[in-house]
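Engineer: the following block contains a protein sequence and its predicted model.
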Amino acid sequence: MNASYDPIFIADKNGYGIKMNEAYTRVTGITEDQLIGRHLKEVVKKGIISESVSLKVLKEKKRVTIIQHVNGKELLVTGNPIFDENRDVSHVVTNLRDISTLKNLEKELNRTKELAEKYLQELKAYQKKEDVIHHEGVIANSSQMLNVIHLAQKIAPFNSTVLLLGESGVGKEVIANLIQKLSNRSDKPFIKVNCAAIPKELIESELFGYEKGAFTGADSRGRPGLFEQAHTGTIFLDEIGEMPLQLQGKLLRVLQEFEVTRIGGRRTMKIDVRIISATNKDLESLVKQGEFREDLYYRLNIIPIKIPPLRERQEDIPLLANYFLDIANKKYHLNKQLTDDALLAMKTYLWPGNVREMQNLIERLVIITESDYIHSSHLSFSNPTVSESHPIQKTMKEVIQDIEREMILKAISKYKTTRKAAEILGISQSALVKKMQRLGI
């Protein structure tokens, strides 16, 4: 798309902007931060565009052409619906032409139709990728997370053990939910266990159950464990690194033999269960320290999936922020909006608590912010530096990229348009847009 001289904008079936090319910014003066990841109703309400042809197409389910006024220009805008196999509109491709000085509108209408056909094949290839933005509750557009989602989709139909790795709050449980929903066990029991939340003296009875009279205080009828309850389905063992060492042998037996024995019992019971586990710890280090069984680690680690921290996937930040904003607005019957400067501030923050921290922050801001608009000044986080919270060694190239990113973010925040920001930074607008794409801004 960026190779085209003609402005192109793409919206998804929910009315959110998902892609635009450099020509669109050149003609309209509108930046990606003003459109991508935002609902077009919000864009119109802010006065960024006079009206949305994409929303009209989604409503009418046919090609729509309007005259739109943007930054003093009169534009001929045509929205073209793309239908899925169910004849539902999955995307809207918008072409526009500056007709401020044009007289022959019929010629331009024909031109936009040709452009729609030209980019149809490119959109179909792109469509498969974009469909997962809201797939089963997973909100993602970054290449890192799309790779995670594609891997989850690929392995879901198989019964192999999965180990989800990543920092606290990155969304390990969300990916576990995705795998379960896409598996052949989606209509079977899905038992979730937080190994860190169960007292060590109770975790064995919780997982494996007990026979009547097995210990003081035990239910007189006995009780099935969580593995039994998950029979024919899936069990999700979160914080598996907290599993007591003395119980790891029993868990290994489940993985090897697919059978359990209740506390106080002699009879072994065969179970059919898929095991998904998750941890924010380095299990290999725990193995070396003698705190985690090596044989159990290899059994759990058949299909490892590493989920990247939020600071490494900045493209997801606007999507997630607006997604959580919609949830909070509906929950509290409000209509708060995030401003451009607030989203820019969020993209520069390191998010040590990852997605969970963002969700909690958005809900708090919706409740306590008196204004209908949430600005960067309302954000209550302190911005730790990389060296303070996540010490790493960087190459000269990486350091220069960090400096470029900071300068560009400050310029965009202050001057609002890429044209003015490029002028201040002393580079061309097209060079600035390319840098922003390369740096994930």
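Structural biologist: Received the coordinates, thanks.

Engineer: compute the number of surrounding residues for residue 255.
Structural biologist: 17 (other CB atoms under 10 Å). Any C-beta I mention is one placed from the backbone N, CA and C, and that applies to glycine too.

Engineer: could you do residue 254 as well?
Structural biologist: 18.

Engineer: would you confirm that it contacts residue 271?
Structural biologist: Yes: the pair residue 254 / residue 271 is scored as a contact, 7.3 Å apart, by CB atoms under 8 Å.

Engineer: find residues that contact each of these two.
Structural biologist: 227, 260 (CB atoms under 8 Å, 6 or more residues apart in numbering).

Engineer: what about residue 258, how many neighbours?
Structural biologist: Residue 258 has 14 nearby residues by other CB under 10 Å.

Engineer: how far away is it from residue 369?
Structural biologist: 52 Å (CB to CB, to the nearest Å).

Engineer: what does residue 88 give?
Structural biologist: For residue 88 relative to residue 369 (CB to CB), the value is 36 Å.

Engineer: settle it for me: which of the two has more neighbours?
Structural biologist: Higher neighbour count among residue 88 and residue 369: residue 369, with 16 against 11, using other CB under 10 Å.

Engineer: so how far is residue 330 from the more buried one?
Structural biologist: Distance from residue 369 to residue 330, by CB to CB: 16 Å.

Engineer: now swap in residue 377 and tell me
Structural biologist: 25 Å.

Engineer: do the same with residue 428
Structural biologist: Where residue 330 is concerned, residue 428 sits at a distance of 43 Å (CB to CB).

Engineer: neighbours of the residue nearest to residue 340 when sequence neighbours are not counted, how many?
Structural biologist: Nearest non-adjacent residue to residue 340, counting by CB to CB, 6 or more residues apart in numbering: residue 33, 5.6 Å away. Look at residue 33: counted by other CB under 10 Å, it has 21 neighbours.

Engineer: same check on residue 163?
Structural biologist: Residues near residue 163, counting by other CB under 10 Å: 22.

Engineer: that one against residue 279, yeah?
Structural biologist: Yes: in this structure residue 163 lies within contact range of residue 279 using CB under 8 Å: 7.5 Å.

Engineer: so who does residue 346 touch?
Structural biologist: 317, 318, 321, 358, 379.

Engineer: got it, and residue 88?
Structural biologist: Per CB under 8 Å, 6+ apart, neighbours of residue 88: residue 13.

Engineer: ok, it to residue 173 distance?
Structural biologist: 30 Å.

Engineer: what do you get for residue 314?
Structural biologist: 22 Å.

Engineer: check residue 82 too.
Structural biologist: For residue 82, the distance to residue 173 (CB to CB) stands at 33 Å.

Engineer: check residue 348 too.
Structural biologist: Noted for residue 348: a distance of 27 Å to residue 173, by CB to CB.

Engineer: again with residue 339
Structural biologist: As for residue 339, its distance to residue 173 is 31 Å (criterion: CB to CB).
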